[in-house]
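K.L.:
Quick one, fold the following:
(chains A, B and C)
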Amino acid sequence: MLGKEILKEFQDIVGVENIDDGDVMTNAYAYNWCIEFVNYMEDKEPIPFSPIPKAVILPSSTEEVQKVVQLCNKYGIKFKAQSTGLGPWNQPSTDNSVIMDLRRMNRIVKIDVKNLYAVVEPYVSGAQLQAETMKYGLNIHMPGAGPMASTLASHTSMAGPGFTSPQTGYSARNVLGTEWVLPTGEILRLGSLGLKNEPDWYSGDGPGPSLRGIMRGWVGTKSGLGVFTRVATKLFPYPCHTEYVLKGHSPIYDFKIPNFIRAYVVDCKNFKHLEKSFIRIEEEEIALICSHMSSYAIMAIFSYTIESLMDKIAFGSMKSPLLIVIAARTKREFDYKQKVMNHLMEELNLINIIGTKYEPESLFYAECLRTNLGYHGFIATGGFQSAKGQCDSAALCLRAEMKNKPLKQKYIEKGVIANDFGEGAWMTSYESGHFFHMEAPTFFDQTNEESVKGMGEYMKESNQMDLLKHLGVPFFIEGDQLHNHWGPHLMNYHNWLRKIKEAFDPNGVSDSGFYISGNEGDV
Amino acid sequence: MIMNNNNFLQNLTKICGSQNISQDPKDLKDYSKDLSFLEGKSPLCIVWPSKSQEVTKIVKLANNLKFYVIPVSSDSKFKHHGDSLPKKDNCIILNLSRMNKVLSIDRKNRVVMVEPGVTFGQLVPKLKKKGLRLLLPLNPTSSRSVLSTALERDPITIPRYHWDSSDPLLCTEVVFGTGDLFRTGTAAGPGTIKQQQKMGQAQVNPMGPTQFSPFRVIQGAQGSLGVVTWATLKLELLPSTQKVYHFQSDNIQNLLDLQYELLKYRLCDELVILNNINLACLLKHNQQEISELVGNLEKYNLIFIVSGRGPLSKDKISYLEGDIDEIRAELSLNFSEPNVEISEKEILHFLNEPCEKPWRMRSKGAYQDILFLTSFEKIPKFISLMEANYEKEFGIYIQPINQGTSYHIEFDLHYEPENDNVVKTIKKKILDVGNQLMDSGAFFSRPYGIWAKDVFSHHSAETIDALKKVKKIFDPNNVLNPGVLCFDD
Amino acid sequence: MDEEEYQKMIKRCVRCSVCKWIPQVQIKSQKYASGCPAIDIYNYHPYSGGGKIILALAYEMGRIKPSEELRDIVYKCTVCGNCAVACKYMSTLEPIEIMMKLREKLVDIGCGPMPQQKTYIEAVKKVNNPYNEPHEKRMDWIPDDIILDPKAKVLYYVGCTSSYRRKEMAIAAARIMNEAGVSFNILREDEFCCGSPILRTGDSNTFEEILNKNLDIIESKGIETVVFSCAGCYDTFKVDYPLSRKYDFKVKHTVELFDELIESRQLQLTNNVPITVTYHDPCHLGRNAERYEDWDGDVVPLMPLISINIPPKPKRTGSKGIYDAPRNILKKIPGLKFVEMERIQEYAYCCGAGAGVKSAFPEMAIKTAKIRIEEAEDSGADILVSACPFCSTNLQDGIMDMNSKLKYFDISELILMALGLEPEKLKQATTEGA
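P.N.:
Purely as a prediction, here's the structure:
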């Protein structure tokens, strides 16, 4: 709980009903997905609760956020900002903290059709934004986490791989003007948004160097360097006709498949051919989705229950599956893309099992367009998280997957992670094959302590393998311990990151649990 | 004056050898001025390192002995922006032009690794042989550094490949102002570059390492935060078939409306908008031919290319043509044909090849450029503002960037350099008009030249404060290119 | 849900927040993406379905103690079931069942229900209705010309709200059945509260008593079919009663009956009703009105950490609610133009009245109603229609509060209009009631 005077000061900012420091509320906010094995990895009790914040605050505007941050500086209390809040990165690292739930900041500020960007506040979900941009024939980039996740959080603070990345890129690369409340309470407006005369959202860089480089890297700072209150993100052409009609009832809706969309699932048989096919297909710039998954995952994306997954054993024998979805705006575009695919399949000796051995539910296409495929990862055990997360060439990603297999098998044999034949991977192409990332979704049982510990051990060992075998940098290298461990192997980047933290957060009030803390230590 | 000139020279000689240092007064004079209106000071010497270890040592020495280092990437005599002119005493010019190796060309991953001294003239033909192409700015000079062009965020002419404002720059090896060597993006590790490549990595992900992206702060910094000793750059595949479209109009809005649709649906590769003056400069090589052509062109020209590659290239072109025709019909736009014949070959030449001498100089022998970013709907406003405030003709170049989310606008003021009065007028105009443009919301994201300081007075204090914090981190002693941007205020 | 299942399930929420929205693939606008009135109004995460699962876990772990704060969050929920539909699109969690179990636990220790709910529960015990109206006045709604058949095998179970507050609905239903020649009877003084408003507060003991009393009466009369015009009563009899005690008679909502009668031409809709109408799916007629199916299968461990149900265990996803019947009816009314809102069927937005919220948190009930009314206005309709007296009361309260130009009718009133009969105008919009 907060002291009476401090509570009053916060109440004066957001209103009495928008701050709660009771046990019930603060305990509820201490819970999150995967926090149990994060706790385990930090040698804490593997429960799904983080340190309990002193209060939960609901600001409604940038100005309120600023005042909250200023108050945190005044009283030496850390803050942790969250919006849709999926994942342990939303949790405070100390109980001397407040959580800022940005739910009330939920406006789509602008959809600029002519300049192809949208400006959103934190609590606009991907599905909400896509539904609005579709009205203009435009699309957004949605992260693999799903359409219920915050667009702003993905673009400014988290990661950002997506199923449609061949056409919509990676969240970090789609950021334009950004409004950013720094840990000191100043409001920094990036790029053209910082102009004194006619500020605007179209550019996030300059003048001169781009502060987007401080804002985030391959992954974001996860509330470790202030609060992002508005962001402009690039828009893309909607890949096909925007008519979007679903009939019937949950969960297997009947989707009126738009003209000019088609899926292919092919087996490349081995990683070498997979690499060749992946690159070759992406060079032709025709795919909306081009993802490699394990055969298990291919089964899962076409299933809505664990039982119905068992029907799809035909996919289970695939050695190196590749999912490709093409979509087009006009018939001639579609005809061309199909012709290219036919040509490629002949060239690469691939056979499409869609339409021959298997026909997906029409809903599958809605989920492709709505980026809801990743959610199928939960159907096996109810819990999963990804190890790995490196991004560079296709060869690196596939090598990482290959090297990971025996490691994963080891933990499968221990019975602590689910058996996905050891191959569990999701690999997607970016920007028509210019780079690729892979991650290894791993299914564990969050209610089973042995499984949680096993998952934690597996993540540690997987990270260490990537480090020692030069397999790139996984997603979740965050927090002081991991940065101090990895830094010396990566040009001592952690020293620079620490300097950034010290410079921009001198009082250490922006929670560093999933970022890095300054040398002087925190409040 | 540096405390001990001998000590300083001795140290430099130890690092890179006396044959790579010059204190020739002619050389020193050359580097104290360029084609901008800025006046520079005379540097202490010119140094040509040949490897990154030398650069590291030099920058560390600069920190110890308190001299300044101005990195330049080429010996080009055509520098126009004043960003590499010494603005203080005790500067050395760190000329990276002898670090000119093309370290690798990777067809599979569509990436090239180059040292700073690699020029367009050197690289473009090499890539062509492998069926690859660079993402080029508009007809760059062949002596210009490829790497520094990418560091400057020069707009590229294929906006559909401009996924992020930082493209085509990927990973870098950089020496920060502290003298520390660093590699950005996936080049940071783990492992050496060799070890990474052994594992199949190609240094194609510029982001990171982890939770920051230092390559973005080095880019646009005009060498004031770090000295880049190599970089990887994105490549694309060379098309086998290209078809040129050239539409003219005296109404820029028609062309803007059309290019918006083309770019939105990713229907073309190169896409540029030029006024008659700039197009004529690109196509012709002397003043007379340029004037003649200007008279035969409409005021505004939209040029775009549709391309195909491989056995289905014709199919691709056919579908693109069909979609383009449909869009034109929907927009009901009519455009005129040029009065003179301009061949596809001529257009493809300036879009695909570098030139010997800056094309902007062809009209009158000299030019100054005013360049900034803006949004779609403001383009006509800025053109009108410029026309209202500058009586003479000037070149216009509009480049959609970042897949059409913003636009680079460039006004090229051509002039005869021998004419002192004209020079005086232009100098004053650039400042005046530049400020008027800034007052009206033009975003000078690349602050150069005599209006550089004014850019920052038009920008928020928080941005300047943040940039200074960044400077303090990466170059705490301000040894790198002092006087540029906002760091010395 | 038994205790073992509860203890397992409360540990499984992944905090994905889908429970706050309608199913992701159904979202067609920013404005109408949300599915949970509680979190829409109160904003804090624990108000969502997933949030309540977390509260249940924290409570079981002893991290939070019973308190007014806990109670208020748990009871600020209409149990509309959207969270369950959205969650079960992919998952197998049961947020509503967990929340109901938590309510039961709070009632057991005296921390629930809300004081206002306790008042109406006492009223039910005393006078057999939550409105604390005299039991003898339960039949006052019947006009003299309604024909009843004491020997009929069809029973019209009127329900408390229609009997005391929405008499026009009871009258309309009775008139339509008469017009169609359907022979029916009513229970008169033997009709008591179905127990729904009590069940939803977690007072399962009192509910059990009511359930048994009602079933004893109906079974003693040899009834073959019970017809309801109240979605709450219908859902309670259809879904909740069989969990405790099976019975042999059929249950139907009047929309199902009337749809059949229109289809078989026993009812002929000939009068022109030139209005533009949108239909609000009551939660208790829609997604919640899906029976639990018996499942006698096995949980088979397939491999470590993965078990499957053999045969597959039926999952209540809201797909078997009554959605087509009311729409069929509306589309057959001559001259009527039917438009849909964005959130319909199993992902319809709640009216805001249910589960004791209208009594305990009237401001929440009204705010929720107003959200729904705005959606109805945006559909382009000038008439809002539904098939539940609870929805009727709360939505009409909302219409009045917002000065909306919308008019509200029960579907039975529109049928009367199409039959050329005058709907009774005995609307009694009130701020009281369950």
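K.L.:
In chain C, mark out all the strands, start to finish.
P.N.:
With strands called from DSSP state E, chain C shows them at C:154-157, C:225-228, C:250-253, C:276-279, C:298-303, C:306-310, C:337-338, C:383-386, C:407-410.
K.L.:
Pick the most buried one from those strands.
P.N.:
Stretch with highest mean neighbour count among the strands of chain C: strand C:383-386 (a mean of 25; mean count of other C-beta atoms under 10 Å in any protein chain shown). All C-beta atoms are positioned from the backbone trio N, CA, C, and that covers glycine.
K.L.:
Can you list the strands that that one pairs with?
P.N.:
When pairing is defined by DSSP bridges, strand C:383-386 lines up against strand C:276-279 (parallel), strand C:407-410 (parallel).
K.L.:
How about the residue of the stretch 251-400 of chain C found nearest chain B: what's its closest non-neighbour residue?
P.N.:
When C-beta to the nearest C-beta is the measure, the stretch 251-400 of chain C has its nearest residue to chain B at residue C:342, with 27.5 Å between them. Excluding the flanking residues, the one nearest residue C:342 by C-beta to C-beta, 6 or more residues apart in numbering or on different chains is residue C:32, at 4.1 Å.
K.L.:
Then residue C:14?
P.N.:
For residue C:14, ignoring the flanking residues on the chain, the nearest one in space by C-beta to C-beta, 6+ apart is residue A:33 at 4.2 Å.
K.L.:
would that neighbour count as being in a helix?
P.N.:
No. When classified by DSSP: H, G, I helix; E, B strand; the rest coil, residue A:33 is found to be coil rather than part of a helix.
K.L.:
Looks like it contacts residue A:88 (just checking).
P.N.:
Yes. Applying C-beta atoms under 8 Å as the test, residue A:33 and residue A:88 come out as touching, 6.8 Å apart.
K.L.:
quick revisit: ok, now how distant is the residue nearest to residue C:342 from residue C:47?
P.N.:
Per C-beta to C-beta, to the nearest Å, residue C:32 is found 19 Å from residue C:47.
K.L.:
next one: residue B:133
P.N.:
When residue B:133 is compared with residue C:47 (using C-beta to C-beta), they lie 56 Å apart.
K.L.:
and those two? which has more neighbours close in?
P.N.:
More crowded of residue B:133 and residue C:47, by other C-beta atoms under 10 Å in any protein chain shown: residue C:47, with 23 against 19.
K.L.:
Would you quantify the distance from that one to chain A?
P.N.:
Distance from residue C:47 to chain A, counting by C-beta to the nearest C-beta, to the nearest Å: 10 Å.
K.L.:
tell me the contacts of that residue?
P.N.:
C:36, C:38, C:39, C:41, C:73, C:76, C:77 (C-beta atoms under 8 Å, 6 or more residues apart in numbering or on different chains).
K.L.:
now with 6 Å?
P.N.:
Residue C:47 makes contact with C:38, C:39, according to C-beta atoms under 6 Å, 6 or more residues apart in numbering or on different chains.
K.L.:
Tell me the helix or strand right after the longest strand seen in chain B.
P.N.:
For chain B, the strand reaching the highest residue count under DSSP E is reported as strand B:226-237. The helix or strand immediately downstream of strand B:226-237 is strand B:241-249, counting by DSSP states H and E.
K.L.:
Mind listing what's buried along that next one?
P.N.:
Burial within strand B:241-249, assessed by neighbour count using 16 or more other C-beta atoms under 10 Å in any protein chain shown, is assigned to B:242, B:243, B:244, B:245, B:246, B:247, B:248, B:249.
K.L.:
and what of stretch B:352-363?
P.N.:
B:352, B:353, B:354, B:355, B:358, B:359, B:360, B:361, B:362, B:363.
K.L.:
Flag the shaky bits of chain B, pLDDT-wise.
P.N.:
Confidence mapping of chain B against pLDDT under 70 gives the ranges B:1-4, B:489.
K.L.:
repeat that for 80
P.N.:
In the prediction, chain B carries residues with pLDDT under 80 at positions B:1-6, B:337-339, B:449, B:489.
K.L.:
swap in chain C?
P.N.:
Within chain C, the segments meeting pLDDT under 80 span C:422-434.
K.L.:
hmm, try it at 70
P.N.:
By pLDDT under 70, the low-scoring segments of chain C are C:424-434.
K.L.:
how's chain C carved up into domains?
P.N.:
Dividing chain C into domains by automatic domain parsing, as the record does, gives the ranges C:3-112, C:115-290+C:315-419.
K.L.:
Also near chain A: which of the buried residues of strand B:241-249, exactly?
P.N.:
Checked against chain A using C-beta under 6 Å from any C-beta of the partner chain, the buried residues of strand B:241-249 give no members in range.
K.L.:
Including distance to residue C:160, could the residues you listed go into a markdown table?
P.N.:
Compiled in a markdown table, the buried residues of strand B:241-249 are given as follows (distance: C-beta to C-beta, whole Å):
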| residue | distance to residue C:160 |
| --- | --- |
| B:242 | 78 |
| B:243 | 77 |
| B:244 | 79 |
| B:245 | 75 |
| B:246 | 79 |
| B:247 | 74 |
| B:248 | 79 |
| B:249 | 74 |
